[in-house]
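Trainee: predicted model, plus sequence, below.
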Amino acid sequence: MLPEVAKWLRRRTSAAADWPLQTLLAAKGDTRISVVLPARDEEATVGTIVGVIQRELVEQAPLVDEIVVVDSRSSDRTAAVAAEAGAEVVCQDDVLPAEGRMSGKGEALWKSLAVTTGDLIVFIDADLRGFTSSYITGLLGPLLADPQIAYVKGCYDRPLINGETRVEGGGGRVTELVARPLINLHWPMLAGVMQPLGGEYAGRRELLEQLPFVTGYGVELGLLLDVFRLAGLDAIAQVDLGRRVHSHQTTEALGAMSSQIMLTAWSRLEQHGRMMPLEEPATALTQFRRVSDGHDIRVSDIGVGERPPMAEITEYAASRRSLLS
């Protein structure tokens, strides 16, 4: 490990328990805090998560100013369950309609900037099980304590759960097999980030609105690399949130996810001037599935779209000026 990375780990890594609620309330002042949950077909878990935040960090302690669920074309009761639990629910496609429709988690995250008012924004995945409010307080701690920190990633143990079987440390397969090797190869200064693809993180609006958002599965990696380029390593912190339990995808689905993450890394190598590509990468992924008479061939497009920094969107800039005036 590079000496600079070891120093960063010592200075910028903490645990959720290091940030008690009363300390955060004393540091909050007039800072507005938004919590955003991008959600698609998460009726089984989204209500519990929203309910915990609403009860413990809005009603019992006035830390969070708004909880926003961005519904990404759910076909179940995600929107209704989230609203009943206390969230403001917005439909992804109703936000900035003049900018058109794109798909993916990153699209929901990008559009959340246009419908939230917080100076600090916390992103939480909507499929978490066993969620506690320490996820929120932990991520907010470094931001409220140190104005030099602009972006905070959560880190945690990720067990792999399959029915009644639990494999400790078995989750995060795409992180260990794809993202971590890529980061260590090309961005070794970020080698200390334990969960680069984790869906729990927080940032200052003034930074987030300067970043492009990949609309697919590469959004977390793209944001991390762009924050590093724009603000530097010392603007990033990480907080140990304990354990993260959530639903897991099939190996086939993880193949598509891995492809989008590799494409995102490729795009950042090019955009950041770290390589000179001779040709564009292919965006077709061929996968095989055993069937009774041989193999079924499936070809899917894993190309990733990208939204520009929100600060460049005229409607957003106008709404922010109106809000601040």
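Mentor: Perfect, thanks for sending it. Numbers count the residues shown, from 1 in each chain.
Trainee: nearest spatial neighbour of residue 219, skipping sequence neighbours?
Mentor: With sequence-adjacent residues excluded and distances taken as C-beta to C-beta, 6 or more residues apart in numbering, residue 219 is closest to residue 106, at 3.3 Å. For glycine as for every other residue, the C-beta is placed from the backbone atoms N, C-alpha and C.
Trainee: state the distance from the one you found to residue 265.
Mentor: Residue 106 is 15 Å from residue 265, where distance means C-beta to C-beta, to the nearest Å.
Trainee: between those two, which one's more packed in?
Mentor: residue 106 (27 against 21; other C-beta atoms under 10 Å).
Trainee: helices and strands around whatever helix or strand the more buried one lives in, which ones?
Mentor: Using DSSP states H and E, the element containing residue 106 is helix 105-115. The contact analysis (3 or more C-beta pairs under 8 Å, 6 or more residues apart in numbering; DSSP states H and E) places helix 105-115 against strand 33-39, strand 66-71, strand 88-91, strand 120-123, strand 213-214, helix 219-231, strand 306-307, helix 314-324.
Trainee: quick one, the longest one and helix 105-115 angle?
Mentor: Between the axes of helix 219-231 and helix 105-115, defined by axes from the mean of the first three to the mean of the last three C-alpha atoms, to 10 degrees, the angle is 60 degrees.
Trainee: and the second one, by the same measure?
Mentor: Inter-element angle recorded for strand 66-71 and helix 105-115: 140 degrees (by the same axes, to 10 degrees).
Trainee: residue 270 - how many residues pack around it?
Mentor: Using other C-beta under 10 Å: residue 270 sits among 14 other residues.
Trainee: doesn't it belong to a helix?
Mentor: Yes - checked against DSSP: H, G, I helix; E, B strand; the rest coil, residue 270 lies within a helix.
Trainee: wait, doesn't it sit right on residue 277?
Mentor: Yes - counting by C-beta atoms under 8 Å, residue 270 does reach residue 277; the two are 5.6 Å apart.
Trainee: where does pLDDT dip in this structure?
Mentor: Across the chain, the ranges flagged by pLDDT under 70 are 158-172, 246-248, 322-325.
Trainee: so which residue is smack in the middle of it?
Mentor: Nearest to the mean C-alpha position of the chain, by C-alpha atoms, centre = their mean, lies residue 199 at 3.7 Å.
Trainee: what sits closest to it if chain neighbours are left out?
Mentor: residue 125 (3.7 Å).
Trainee: list phi and psi for the one you found.
Mentor: With angles defined as degrees, to the nearest 10, residue 125 sits at phi -70, psi 150.
Trainee: now residue 126
Mentor: The phi/psi pair for residue 126 (degrees, to the nearest 10) is phi -90, psi 0.
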